[in-house]
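Q: what would the 3D arrangement of this be:
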Amino acid sequence: MSMTREKTVVRTGLIGIGANVLLAGFKALFGALAHSVAMVMDAVNNLSDALSSLVTIVGTRLAGKAPDREHPMGYGRVEYLTALIVSAIVTGAGVSALIESVRKIFHPEAADYSTVSLIVIAVAVAAKLALGTYTRKKGEETDSDALKASGADALSDAVISFATLVGAGISLIWNVNLEGWLGAAIAAMIVRSGITMTMETLGDILGRRTEAGQAADIKRDIRGFDGVLGVHDLYLDSYGPGKMAGSVHIEVDDRMTADRIDALSRAVSAMIHDKYGAVVTCGIYGVNMRDEHVVALRREIREAVMSMPGVLQMHGFRLDEEKKEITFDVVRDFSVRDAAAMVGDLEGMLKKLHPEYAYRIVPDLDLTD
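A: Got it, this is the predicted structure:
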């Protein structure tokens, strides 16, 4: 994590804490004076936002620790744990607000809105719009999921505060008390935001599929290197925002010398690092292009393998005539739950086609498009 990114995230978090604490104080004070549960619940939400910003700052600091022997890839994933804590805070605040709002529905209290309290709400709308726009912008600049979520949450708060303002207007004009119902609606939005944040963060922790567009671009760039015959098994894993590592297999003519393979794999890894910011190790598949028997056999087996339901791709074909063994990888669709059964079916089919060979089939998952 760069120092510039860390400073930006921390500074933005501090601004969020200051703004939310001030807003919470104003809303709680005037909400209590007006007997407005919606305004008080909105104040509680502001306090949870301030706590979320504090957690984000602490998480960012921890994530910026240098790699060590126990954690050679660094501490970047701490930011994902931070996001989980933030989502728990948001969800907890929403549930608490929902309980209080439901109580208010069954036991309503007359709201007493003053001109000052209405001005406070209006100011809160403007402040949250500004804070949300600023925070989300900084989140996009730093690729910080926590800041992006905080920005989106602040913008949602602006809408919620505006709804409170509308409720006050309805109460003053038509003398209809919607405090409990409005508070419940606000709480439901808070809970929904917390659950959404939780699901997104769990996706990061479990490991997301590499975006199809990015995977296609990386494979296209690798194919652009002279001597590359195919690109397979691209895998990228995240170790925190902006920190990716993984592997890829490239096919080359099996007559290529070790010196050329070394230069090629280094060049491919350097390109991926410089252009995509990922540390990628290159594995090599040697392809026999000179022996017509091997070429024809490979084509025949590929046609047979690709006819099997659930098979997406076959690569890494190798024939060892001395051992009478054929080895290759098969990429299966996620609809194929039993990989061992699929391999057994393939072996049985190929044994009928060419019984003179033993088969070693490696099942791969469809990691990227």
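
Q: what's near enough to touch V280?
A: Applying Cβ atoms under 8 Å, 6 or more residues apart in numbering to V280 gives the contacts 236, 245-248, 268-269, 272-273. Heads up, the C-betas are built off the backbone N, CA and C, glycines and all.

Q: same question for G207.
A: G207 is in contact with 237-238, counting by Cβ under 8 Å, 6+ apart.

Q: then the one 10 residues further on?
A: Taking Cβ under 8 Å, 6+ apart, we find D217 in contact with Y276.

Q: per-residue pLDDT of it, please?
A: Here the pLDDT value assigned to D217 is 95.

Q: quick check: which element contains it?
A: D217 belongs to helix 212-223 when elements are defined using DSSP states H and E.

Q: I250 too?
A: Per DSSP H and E: strand 244-253 holds I250.

Q: please apply the same query to G180.
A: Using DSSP H and E, G180 falls within helix 179-206.

Q: what packs against that helix?
A: Counting by 3 or more Cβ pairs under 8 Å, 6 or more residues apart in numbering; DSSP states H and E, the packing neighbours recorded for helix 179-206 are helix 37-63, helix 78-106, helix 145-174.

Q: select the longest helix from the protein.
A: Scanning the chain for the longest helix, with DSSP state H as the assignment, gives helix 3-34.

Q: just the CA trace of the helix holding D217, in PDB.
A: C-alpha atoms of helix 212-223 as PDB (Å, rounded to 0.1, in the frame of the first residue of the first chain):
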ATOM      1  CA  ALA A 212     -14.100 -11.200 -17.800                       C
ATOM      2  CA  GLY A 213     -12.800  -8.100 -19.500                       C
ATOM      3  CA  GLN A 214      -9.600  -8.000 -17.500                       C
ATOM      4  CA  ALA A 215      -8.900 -11.700 -18.100                       C
ATOM      5  CA  ALA A 216      -9.500 -11.300 -21.800                       C
ATOM      6  CA  ASP A 217      -7.100  -8.300 -22.000                       C
ATOM      7  CA  ILE A 218      -4.400 -10.200 -20.100                       C
ATOM      8  CA  LYS A 219      -4.700 -13.300 -22.300                       C
ATOM      9  CA  ARG A 220      -4.700 -11.200 -25.400                       C
ATOM     10  CA  ASP A 221      -1.500  -9.300 -24.300                       C
ATOM     11  CA  ILE A 222       0.200 -12.600 -23.500                       C
ATOM     12  CA  ARG A 223      -0.700 -14.100 -26.900                       C
END
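
Q: past it, which element shows up next along the chain?
A: Going down the chain from helix 212-223, the next helix or strand is strand 230-238, by DSSP H and E.

Q: what is that next one packed up against?
A: Under the contact definition 3+ Cβ pairs under 8 Å, 6+ apart, strand 230-238 sits against helix 212-223, strand 244-253, strand 278-287, strand 311-320, strand 325-332.

Q: what would these look like in TSV with distance to L365?
A: As requested, the helices and strands packed on strand 230-238 are exported to TSV (distance: least, Cβ to Cβ, whole Å):
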stretch	distance to L365
helix 212-223	14
strand 244-253	13
strand 278-287	16
strand 311-320	10
strand 325-332	7
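
Q: among these, which is nearest G74?
A: For G74, the closest of the helices and strands packed on strand 230-238 is strand 244-253, at 10.3 Å, according to Cβ to Cβ.

Q: give me the contacts around that closest one.
A: If you take Cβ under 8 Å, 6+ apart as the criterion, strand 244-253 is touched by 73, 218, 222, 227-239, 261, 264-265, 268, 272, 276-287, 289, 315-316.

Q: picking that back up, ranking the helices and strands packed on helix 179-206 by burial, who's on top?
A: Highest mean neighbour count of the helices and strands packed on helix 179-206: helix 37-63, a mean of 24 (counted as mean count of other Cβ atoms under 10 Å).
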